[in-house]
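In: Need the 3D shape of this:
(chains A, B, C and D)
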There are 2 protein chains.
Amino acid sequence: MVADQPYHHGALREALLEAGRELLAERGAHAFSLSEIARRVGVSTAAPYRHFADRDALIDTLADEGYIKFHDVLREAVAGATDPADAITRIGVGYLRFAVEHPAVFTIMFRDRQGPPSDYGPPSFQTFLEAVETAQRSGVLSDRLPAPVTSRSIWAALHGAATLDAVGGFAKLGLGAPLEELVETLLDPYWTRPRPHG
Amino acid sequence: MVADQPYHHGALREALLEAGRELLAERGAHAFSLSEIARRVGVSTAAPYRHFADRDALIDTLADEGYIKFHDVLREAVAGATDPADAITRIGVGYLRFAVEHPAVFTIMFRDRQGPPSDYGPPSFQTFLEAVETAQRSGVLSDRLPAPVTSRSIWAALHGAATLDAVGGFAKLGLGAPLEELVETLLDPYWTRPRPHG
DNA sequence: ACCTGAACACCGTTCAAGT
DNA sequence: ACCTGAACACCGTTCAAGT
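Out: So this is what the prediction gives:
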């Protein structure tokens, strides 16, 4: 808190993004408001328009940040893996954990975009695809179907579980489960031979 | 169009729901507006509050309608099936087709609810669970995992594919595919033996 | 009992004017 | 170049008043 704010904020763009992150975390994607963000930063409601085309542009920027963070999660999952099958499992756990820990960011990442699609989504899928290819080559993952197709299926399973779990759908149906167990059961039919569970 | 509207609408509740359905179909979940709906019906913006607690109550009612329609889709899929494996496949196609044909309704069904959870979701999962149990008993679906767990996994895969496909995620990644083919590849790892594709 | 009219607090967005 | 102040059209919601 500075006693006397200068006329020029100096780093308004970053301040708006930071306030946006906080608002999302505190009140959810549903409560996102550009006016509220401007108020928190201590600036007029018109000020953001010097840095973002409109409300959606700010949301899309926060979504892009989410994609970058998400991509890091996937790369760290692969980096920390002990073997190709473990890499897939860790990606799965990372995917679901990201959704559970940052539900609002996850929501805006996969909402129906107003502007052009993000450039930051495909790299994540690419990382995942490479992990699937590696697992297929090592023989732990079936290669009955091409890697992109199997990747698409597992990605869909993880994404569906993440979405339904975040909304609480599984718990409502009496299907709530710890994250690791949920991932294990999702991946189970894909392995060429049964895997011991941790 | 009646030339002289009576003071009492008579069937305002249903008229509001109908206008809500149209607005969702025309402009998407994103553009939902209670004022716009009242305007379309030709009534004051305060009138809906005699029939719905608030905006969210109207949305939740439309979501419930969606669940009922969705449940019918699943039951018809099972009813029209030639065998237990075909029932699962038809459910999958019905699930994805519903999402693609009614994206706005699908969105509000699985959005983060404000009010209490819908009573109309669980019956759909129940129908699906029974189809999985039947398929497991007939031997076409692996019974390595309990029916509720396998149901959860396939449900997640279908839901994820529906969500990503509706948002256009698959197409963006060069993974776009016809609905039936997508469902086939999603279900492929679950069958106990390879199934011929139609 | 059901709906209107007017009001309130709140949005997103624009634009002339200030620094 | 960056931000303010005031305005505009639009929300959701409330409530006294009308029929």
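
In: quick one, longest helix in chain A?
Out: Taking DSSP state H as the criterion, chain A has its longest helix at helix A:55-79.

In: Report the buried residues of that helix.
Out: Across helix A:55-79, burial judged by 16 or more other CB atoms under 10 Å in any protein chain shown covers A:55, A:58-67, A:70-71, A:73-74, A:77-78. For every residue, glycine as well, the C-beta is placed using N, CA and C.

In: Would you mark the buried spots in the helix or strand following it?
Out: Using DSSP states H and E, the helix or strand that follows helix A:55-79 in sequence is helix A:84-101. Buried residues in helix A:84-101, counted by 16+ other CB under 10 Å: A:84-99.

In: Which strands or helices does helix A:84-101 pack on?
Out: helix A:55-79, helix A:122-137, helix A:147-167, helix A:179-187 (3 or more CB pairs under 8 Å, 6 or more residues apart in numbering or on different chains; DSSP states H and E).

In: which residues touch that helix?
Out: A:69-70, A:73-74, A:76-78, A:80-81, A:106, A:127-128, A:131-132, A:134-135, A:137-138, A:140-141, A:154, A:158-159, A:161-163, A:165-166, A:179-180, A:182-184, A:186-187, A:191, A:195 (CB atoms under 8 Å, 6 or more residues apart in numbering or on different chains).

In: Repeat that for stretch A:43-62.
Out: Here stretch A:43-62 makes contact (CB under 8 Å, 6+ apart) with A:9, A:12-13, A:16-17, A:20-21, A:24, A:32, A:34-35, A:37-39, A:41, A:105, A:108, A:113-115, A:118.

In: which among these are in contact with DNA strand C?
Out: Applying CB under 7 Å from any atom of the strand to those, one finds that A:32, A:34-35 fall near DNA strand C.

In: Pick the one among the residues you listed closest to A:Val149.
Out: Distance to A:Val149, by CB to CB, is smallest for A:Phe32 among those, at 35.8 Å.

In: The closest one touches A:Arg21, doesn't it?
Out: No. Counting by CB atoms under 8 Å, A:Phe32 stays clear of A:Arg21, with 10.9 Å between them.

In: that older thread, can I have the buried ones of the contacts of stretch A:43-62 as a ChimeraX selection?
Out: Those of these that count as buried under 16+ other CB under 10 Å are selected in ChimeraX with:
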select /A:9,12,16,17,20,21,24,32,34,37,38,41,105,108,113,118
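
In: In helices, which of the contacts of stretch A:43-62 fall?
Out: A:12-13, A:16-17, A:20-21, A:24, A:34-35, A:37-39, A:41, A:105, A:108.

In: A:Ala162 touches A:Met109, doesn't it?
Out: No. With contact defined as CB under 8 Å, A:Ala162 does not reach A:Met109; the gap is 10.7 Å.

In: ok, which residues in chain A are in contact with DNA strand C?
Out: Taking CB under 7 Å from any atom of the strand as the contact definition, chain A meets DNA strand C at A:7, A:32-36, A:45-46, A:49, A:54-56.

In: okay, who's weakest in those residues by pLDDT?
Out: Note: of these, the lowest pLDDT belongs to A:Tyr7, at 63.

In: quick one: least confident helix or strand in chain A?
Out: Using mean pLDDT, DSSP states H and E, the weakest-scoring helix or strand in chain A turns out to be helix A:169-172, at a mean of 69.

In: How is chain A divided into domains?
Out: Residue ranges for the domains of chain A, per automatic domain parsing: A:1-52, A:56-190.

In: Would you convert those into TSV that also reports distance to B:Leu145?
Out: Formatted as TSV, the domains of chain A follow (distance: least, CB to CB, whole Å):
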stretch	distance to B:Leu145
domain A:1-52	33
domain A:56-190	6
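
In: count of residues packed around A:Thr82?
Out: Close neighbours of A:Thr82, defined as other CB atoms under 10 Å in any protein chain shown, add up to 9.

In: and it, how far is that from B:Ala157?
Out: In this view, A:Thr82 and B:Ala157 are 26 Å apart by CB to CB, to the nearest Å.

In: Equivalent analysis for A:Leu187, please.
Out: According to CB to CB, A:Leu187 and B:Ala157 sit 11 Å apart.

In: Please apply the same query to A:Val132.
Out: The gap separating A:Val132 from B:Ala157 is 15 Å, by CB to CB.

In: who has more neighbours, the two?
Out: Taking neighbours as other CB under 10 Å, A:Val132 and B:Ala157 compare with B:Ala157 leading, 30 against 26.

In: isn't that one right up against B:Leu186?
Out: Yes. Counting by CB under 8 Å, B:Ala157 does reach B:Leu186; the two are 4.8 Å apart.

In: intersection of neighbour lists for those two?
Out: Residues touching both B:Ala157 and B:Leu186 comprise A:153, A:156-157, with contact defined as CB under 8 Å, 6+ apart.

In: can you list the weak-confidence ranges in chain A?
Out: For chain A, applying pLDDT under 70 flags the ranges A:1-7, A:113-116, A:167-169, A:172-173, A:197-198.

In: Around DNA strand D, which positions in it sit nearby?
Out: Neighbours of DNA strand D within chain A, by CB under 7 Å from any atom of the strand: A:7-10, A:12, A:42-47, A:50-51.

In: Contact partners for A:Gln136?
Out: Residues in contact with A:Gln136, defined by CB under 8 Å, 6+ apart, are A:142-143, A:147, A:150.

In: got a winner among those residues for most neighbours?
Out: The residue in the contacts of A:Gln136 with the most neighbours, by other CB under 10 Å, is A:Thr150 (23 neighbours).

In: Check the gap between that one and chain B for me.
Out: As defined by CB to the nearest CB, to the nearest Å, A:Thr150 lies at a distance of 8 Å from chain B.

In: again, but for A:His30
Out: 6 Å.

In: Start and end of stretch A:72-87, how far apart?
Out: Terminal residues of stretch A:72-87 lie 14 Å apart, using CA to CA, to the nearest Å.

In: now it: how far from the chain's centre is it?
Out: Per CA atoms, centre = their mean, to the nearest Å, the displacement of stretch A:72-87 from the mean C-alpha position of its chain is 16 Å.
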